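Novice: structural data only, the sequence is not supplied:
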């Protein structure tokens, strides 16, 4: 799947590929983890390159292309 940040197509900085798999990861903080409040941490969107598996991290979810 292709993704966009604003109006620009996202491409892999390692191989130049523009097709990714999307997933989500929790951003843990020491304080919240120490208090058992991991559920309160923010999530990041990750795009995994279909070609070389390089991972790109985004705080705002990129829009999906066609």
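Specialist: Arrived safely. All of these numbers come straight from a predicted model, not from anything done at the bench.
Novice: use CA for all of it now, contacts and neighbours both
Specialist: Fine.
Novice: not counting its neighbours along the chain, what's nearest the residue nearest in space to the middle of the chain?
Specialist: For the chain, the residue sitting closest to the mean C-alpha position, by CA atoms, centre = their mean, is residue 46 at 1.6 Å. Once flanking residues are discounted, residue 46 sits nearest to residue 57: 4.6 Å by CA to CA, 6 or more residues apart in numbering.
Novice: what are the ranges of the helices in the protein?
Specialist: In the chain, the helices defined using DSSP state H lie at 30-34.
Novice: number of nearby residues for the closest residue to residue 5 other than its chain neighbours?
Specialist: Spatial nearest neighbour of residue 5, excluding adjacent residues (CA to CA, 6+ apart): residue 62 at 5.3 Å. Residue 62: 18 surrounding residues under other CA atoms under 10 Å.
Novice: quick one: residues contacting residue 62.
Specialist: Residue 62 is in contact with 3, 4, 5, 6, 45, counting by CA atoms under 8 Å, 6 or more residues apart in numbering.
Novice: report pLDDT for the residue nearest to residue 9 when sequence neighbours are not counted.
Specialist: Leaving aside its sequence neighbours, residue 9 sits nearest to residue 3 (CA to CA, 6+ apart; 6.1 Å). You'll see residue 3 listed with a pLDDT of 97.
Novice: wait, residue 3 sits on residue 21?
Specialist: No. Applying CA atoms under 8 Å as the test, residue 3 and residue 21 come out as separate, 9.6 Å apart.
Novice: which one of those two is surrounded by more residues?
Specialist: The neighbour comparison of residue 3 against residue 21 (other CA under 10 Å) goes to residue 3, with 22 against 14.
Novice: report the beta-bridge partners for that one.
Specialist: Taking DSSP bridges as the rule, residue 3 bridges to residue 64.
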